[in-house]
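Undergrad: Structure of the sequence below:
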Amino acid sequence: MPNVAGKVVLITGAARGIGAETARELAKRGAKLALVGLEPAQLAEVAAELGEGHFWAEADVTDPESLQRAVDGAREKFGRIDAAIANAGIAPLGSIRESDPRGFLKTMDVNVNGVFHTARAVMPSLAESKGYLLVVSSLSAFAPIGGMAAYTASKAASEAFASALRMEVLHLGVSVGSAHPSWIDTDLVREVADDLKTFTEMRKRLPWPMRAITTPEACARAFAHAVERRKRRVYVPRGVMLMHWLRNVPGSALVELFMRPQLIKLIPQLEQEVRELGRYMSERNQKLNS
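TA: Presented below is the predicted three-dimensional model:
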């Protein structure tokens, strides 16, 4: 797929953030978009913005039946699916000690099971088109950060899933890649930062590139390029590649020694902020996923 002109690309979590911005970028490059997500009004708005000839469907990636209906709807409209981006994801608030079990379970359900359901639903179409699946993992998959254990676990699982699936579908002519963005300036990141002031302070104290912030537009360009080139890995920003090569370093005793004073101070502050909030996700995500 040297370019995406005329190709059909399905994106989950497409109502806003990285998903919506990637849809805009792919539409500029001539792709036909199938937008899938939980917010029908926002999906319709993005689809209208992209112009005529695109498709949207409300679906929950944790509900395989609703997701299958969305995929079937896209197939009915376009006759094919050439690529898919398993982008839908959430992040809970707080440490494991102070977390609500529902937050952990929901994070795993969306970020891991949701990727599985997406891959399974689109694979027959991708096998026909010898297409491409991009699984959106994270820098967090190989650079664990205190206060983000649930998110880190889910993104490490999605990375491993993509790597195993890549080998499973080689004989079908399907390519699978994983994306590893660091902090992207999206609603999700801003809402967590608004809820937890300690979160911003902790991020600023991380070593580069673990603290780097990237615009949604730059991330979308990287994702669109990955779809065009069927990339095995995509890093946003590119410096994240260094953390992948050195993936044992973030969890090493040396980095723990460096971060220890900050963590001893900031994790209790983070836990107190979560207790005061009285919820386990950002307000919008908690409503959507309740």
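Undergrad: CA only for contacts and neighbour counts going forward, please
TA: OK.
Undergrad: got any ranges where the stretch 1-150 of the chain has weak pLDDT?
TA: Within the stretch 1-150 of the chain, the segments meeting pLDDT under 70 span 1.
Undergrad: Start from the N-terminal end of it and give the strands.
TA: Per DSSP state E, counting those that start in this stretch, the stretch 1-150 of the chain carries strands over the ranges 8-12, 32-37, 55-58, 83-86, 132-136.
Undergrad: So which bits of the last one are buried?
TA: Read that as strand 132-136. Under the neighbour-count criterion of 16 or more other Cα atoms under 10 Å, strand 132-136 has 132, 133, 134, 135, 136 buried.
Undergrad: tell me which of those is nearest to residue 174?
TA: residue 132 (5.7 Å; Cα to Cα).
Undergrad: need the contact list for that closest one.
TA: By Cα atoms under 8 Å, 6 or more residues apart in numbering, residue 132 lies in contact with 82, 83, 84, 126, 174, 175, 176, 177, 227, 230.
Undergrad: wait, isn't the third one in contact with residue 9?
TA: Yes - with contacts defined as Cα atoms under 8 Å, residue 84 counts as touching residue 9 at a distance of 5.4 Å.
Undergrad: residues contacting residue 49?
TA: Contacts of residue 49 by Cα under 8 Å, 6+ apart: none found.
Undergrad: if we go to 10 Å?
TA: Contact analysis of residue 49 by Cα atoms under 10 Å, 6 or more residues apart in numbering lists 24, 43.
Undergrad: same check, this time on residue 110
TA: Taking Cα under 10 Å, 6+ apart as the test, what residue 110 contacts is 60, 61, 62, 63, 88, 89, 90, 91, 116, 117, 154, 289.
Undergrad: what about the third one, neighbour count?
TA: In this case it means residue 62. 22 (other Cα atoms under 10 Å).
Undergrad: again with the fifth one
TA: By the measure other Cα under 10 Å, the count of residues near residue 88 is 26.
Undergrad: Same question for residue 77.
TA: Neighbours around residue 77, by other Cα under 10 Å: 13.
Undergrad: shouldn't it be in contact with residue 34?
TA: Yes - contact between residue 77 and residue 34 holds when scored by Cα atoms under 10 Å: they sit 9.4 Å apart.
Undergrad: intersection of neighbour lists for the two?
TA: Common neighbours of residue 77 and residue 34 (Cα under 10 Å, 6+ apart) are 53, 54, 55, 71.
Undergrad: Quick one: buried ones out of those residues?
TA: Of the members of the shared contacts of residue 77 and residue 34, the ones counted as buried by neighbours, 16+ other Cα under 10 Å, are 54, 55, 71.
Undergrad: So which residue of the chain lies furthest out from the middle?
TA: residue 261 (30.5 Å; Cα atoms, centre = their mean).
Undergrad: Excluding chain neighbours, what is closest to residue 232?
TA: Residue nearest to residue 232 in three dimensions, not counting chain neighbours: residue 177, with 4.2 Å by Cα to Cα, 6 or more residues apart in numbering.
Undergrad: That neighbour: which element?
TA: Using DSSP states H and E, the element containing residue 177 is strand 175-181.
Undergrad: Output the contacting helices and strands for that strand.
TA: strand 83-86, helix 114-129, strand 132-136, helix 149-168, helix 216-229, strand 233-236, helix 240-245 (3 or more Cα pairs under 10 Å, 6 or more residues apart in numbering; DSSP states H and E).
Undergrad: Pull up the pairing partners for it, direction included.
TA: Partners of strand 175-181 in the sheet, by DSSP bridges, are strand 132-136 (parallel), strand 233-236 (parallel).
Undergrad: Switch those strands over to TSV; also include distance to residue 30.
TA: Converted to TSV, these look like this (distance: least, Cα to Cα, whole Å):
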stretch	distance to residue 30
strand 132-136	17
strand 233-236	21
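Undergrad: for those, which one sits closest to residue 16?
TA: Judging these by Cα to Cα, what sits closest to residue 16 is strand 132-136, at 14.9 Å.
Undergrad: circling back to that earlier point, show me the contacts for the residue nearest to residue 232.
TA: 85, 132-137, 159, 162-163, 165-166, 226-227, 230-234.
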